[in-house]
Structures are given as structure tokens and as C-alpha cells.
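Visitor: Sharing a sequence plus its predicted fold:
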Amino acid sequence: MFNERMALKIRLDQLADAEVRVMQEFKKEREAIFARLQELDETEENHTPGITVAADITAAADITAVTTVGAPPKVRRGRRSEGLTELRDTTIRILKKQNTPIRGIELQRYVEEQSGKKIANMTTFMNSLERENAHVRKLGRGLYIYEYDL
């Protein structure tokens, strides 16, 4: 049964997805600006070190701390393991084959069968996959799909 509570939850999910996409766009633009500044610094004959230092300091700082009001900055630690990358690739390949939403438990079984590795917590695994790949979407209550058009 679809009610106002479910509609609000779906809208919150949509807003979170939109936030992630906007932040990714800002990050791309920021990287392009820094690259261009670096090019200008390298080609400029009258090199002013103050500008370079300021750009380097800004680039080194994690500007994503300004993502949302009141939210602490996200810090990634450690390294990604080969096994996790293989699991993610396998999951995306399976989702691409499916043209209909697939339940998380079924997806977990397929991925574990094909990769030979276990997924300890499917919800956490899929949440991280959604953050990494904008095409992977959770439709609700354990249903996942690969959206080609964004």
C-alpha cells in the first residue's frame, strides 16, 4: 500500500541521489579549474608563487567538507581490495543483464555464485555501490536496478 510516508521516504532518497550528483559535478568542475590553473602556472613567464601556493593549499584541502550544513566531512580510509572491486564489477554486470528490478537477496546469491566470494552485509555493500556508480539505484525495500538514462 502506497501512502504519504512512503512517498516522503522515496522523495528523501531522490534528494540524496540528486545531492550526490550535484557534488560530483562540483568536484569535476573543481578538478578542471585546478588543472587549468596548473597549466597557466607552468606556461606563465612571470611566475607568481603566491597564486600557485594558494591553489595547491586549496587543492590539498578536502573541499567536500562543505557538502551539507551540519554534516561532518566524510573521510575515506584504507585501500580498496581486489575482492571488493571484483564483487562490484560482478554486481554491475548482473544488474545490467536484468531489465527488471531484482531483489537484494537474489542479487547477493548470483554475485556470490559467480564470484565465489561472500558478501557479509548486502545493504552496506549496495549503499557503497550506489554512491560509487550513479546508475545503480535502489527502488525500495531491497529492489535494485541499473538505470541507463540519467
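Guide: Perfect, thanks for sending it. On a predicted model such as this, the values are computed, not experimentally measured, just so you know.
Visitor: Just list the residues touching residue 130, thanks.
Guide: By CB atoms under 8 Å, 6 or more residues apart in numbering, the contact list for residue 130 reads 136, 137, 138. (C-beta placed from N, C-alpha, C; glycine too.)
Visitor: that's a strand at the last one, yeah?
Guide: Yes: with DSSP: H, G, I helix; E, B strand; the rest coil as the criterion, residue 138 is part of a strand.
Visitor: which SS state does the residue nearest to it when sequence neighbours are not counted fall under?
Guide: Leaving aside its chain neighbours, residue 138 sits nearest to residue 144 (5.6 Å; criterion: CB to CB, 6 or more residues apart in numbering). The three-state label given to residue 144 by three-state DSSP is strand.
Visitor: what's around residue 144, how many residues?
Guide: Counted with other CB atoms under 10 Å, residues neighbouring residue 144 total 23.
Visitor: Tell me if I'm right that it and residue 106 touch.
Guide: No: Residue 144 is beyond contact range of residue 106, at 9.6 Å (criterion: CB atoms under 8 Å).
Visitor: low-confidence ranges in the protein?
Guide: Along the chain, the parts satisfying pLDDT under 70 run over 1, 45-80, 150.
Visitor: What segments of it are helices?
Guide: 4-43, 49-60, 82-97, 104-115, 122-132 (DSSP state H).
Visitor: between these, which one is nearest to residue 148?
Guide: Residue 148 lies closest, by CB to CB, to one member of the helices of the chain: helix 82-97, at 8.4 Å.
Visitor: measure the nearest residue to residue 92 once chain neighbours are set aside to residue 146 for me?
Guide: Using CB to CB, 6+ apart and skipping residues adjacent in sequence, the residue nearest residue 92 is residue 133, 6.4 Å away. Remark: distance between residue 133 and residue 146 (CB to CB, to the nearest Å) = 9 Å.
Visitor: now do residue 112
Guide: 19 Å.
Visitor: Of those two, which one has the most company?
Guide: Comparing residue 112 with residue 146 by other CB under 10 Å, the one with more neighbours is residue 146, at 19 against 15.
Visitor: I'd like the distance between that one and residue 22.
Guide: Per CB to CB, residue 146 is found 21 Å from residue 22.
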